[in-house]
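J.: The sequence isn't on hand, but the structure is:
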Ligand code: CDP
Ligand code: MG
């Protein structure tokens, strides 16, 4: 079973929409196996976005720096979800990076509308509610970066009745 990392960014926490967004993942049958609030250091985000991620390499220093600053604007909620093809399915639920381009029905499309241009003029990263791991390799490294082994839990949810072999 796959695991993936979700981060409710400062804009989601400050808007009070964490519960509503989390409900979408629970309703889809994903299992919460780790969950905590924290306010990480710049170094922690540096590794998250360039080291594990490749934001600076892909998008340049300006976007990288404004993303680090925006993430440090307040506490975030980090969550590990488990499920069948969790990484790609959750990316689909989250939608495109730019809320303007994110389709209705996705989290970024339903809970935000802003575009890159507007974000750039304010010196902020585009406020897009959640982070979700891009692929399996990124997910594995991100979970290790954000969670200790003992913060991840193993238990059964009723959805597993439908994903386990028939007894
Ligand atoms: O978050 P996602 O994987 O969809 O996109 P990314 O390319 O890995 O970028 C990481 C984060 O940097 C985004 O979620 C935005 O918060 C920020 N970003 C931005 O503000 N403006 C861009 N043009 C690209 C990324
Ligand atoms: Mg990414």
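T.: Structure received. Here the structure is a predicted model, which is why all the values come from computation and not from measurement. Ligands and ions are numbered 1, 2, ... in the order given.
J.: Number of residues surrounding residue 22?
T.: 20 (other CB atoms under 10 Å). C-beta here means a position set from N, CA and C on the backbone, and glycine is covered the same way.
J.: can you list contacts of the strand or helix carrying it?
T.: Using DSSP states H and E, residue 22 maps to helix 18-27. If you take CB atoms under 8 Å, 6 or more residues apart in numbering as the criterion, helix 18-27 is touched by 6, 8, 12, 32, 77, 79, 81, 90, 93, 107, 111, 129-130.
J.: Show me how far that helix is from its chain's centre.
T.: 12 Å (CA atoms, centre = their mean, to the nearest Å).
J.: ditto for stretch 108-116
T.: Taking mean C-alpha positions (CA atoms, centre = their mean), stretch 108-116 and its chain are 15 Å apart.
J.: Please apply the same query to stretch 5-12.
T.: For stretch 5-12, the distance to the chain centre is 6 Å (CA atoms, centre = their mean).
J.: again, but for stretch 133-144
T.: 11 Å.
J.: What residues sit buried inside that stretch?
T.: Buried residues in stretch 133-144, counted by 16 or more other CB atoms under 10 Å: 133, 138, 139, 140, 141, 142, 143.
J.: Please identify which of the contacts of helix 18-27 is nearest to residue 154.
T.: Proximity of those to residue 154 was ranked by CB to CB; the top entry is residue 32 with 12.1 Å.
J.: How about the contacts made by that closest one?
T.: 22, 25, 26, 79, 80, 81.
J.: What number of residues are in the vicinity of the third one?
T.: When counting by other CB under 10 Å, one arrives at 13 neighbours for residue 26.
J.: ok, back up a step: average pLDDT for the helix holding residue 22, rounded please.
T.: Averaged across helix 18-27, the pLDDT comes to 98.
J.: For the protein, just list every one of the helices.
T.: 10-15, 18-27, 42-49, 55-59, 61-71, 86-94, 107-111, 116-122, 136-146 (DSSP state H).
J.: Adding distance to residue 157, write these out as JSON lines.
T.: Output for these, formatted as JSON lines (distance: least, CB to CB, whole Å):
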{"stretch": "helix 10-15", "distance to residue 157": "24"}
{"stretch": "helix 18-27", "distance to residue 157": "9"}
{"stretch": "helix 42-49", "distance to residue 157": "28"}
{"stretch": "helix 55-59", "distance to residue 157": "33"}
{"stretch": "helix 61-71", "distance to residue 157": "30"}
{"stretch": "helix 86-94", "distance to residue 157": "13"}
{"stretch": "helix 107-111", "distance to residue 157": "21"}
{"stretch": "helix 116-122", "distance to residue 157": "37"}
{"stretch": "helix 136-146", "distance to residue 157": "19"}
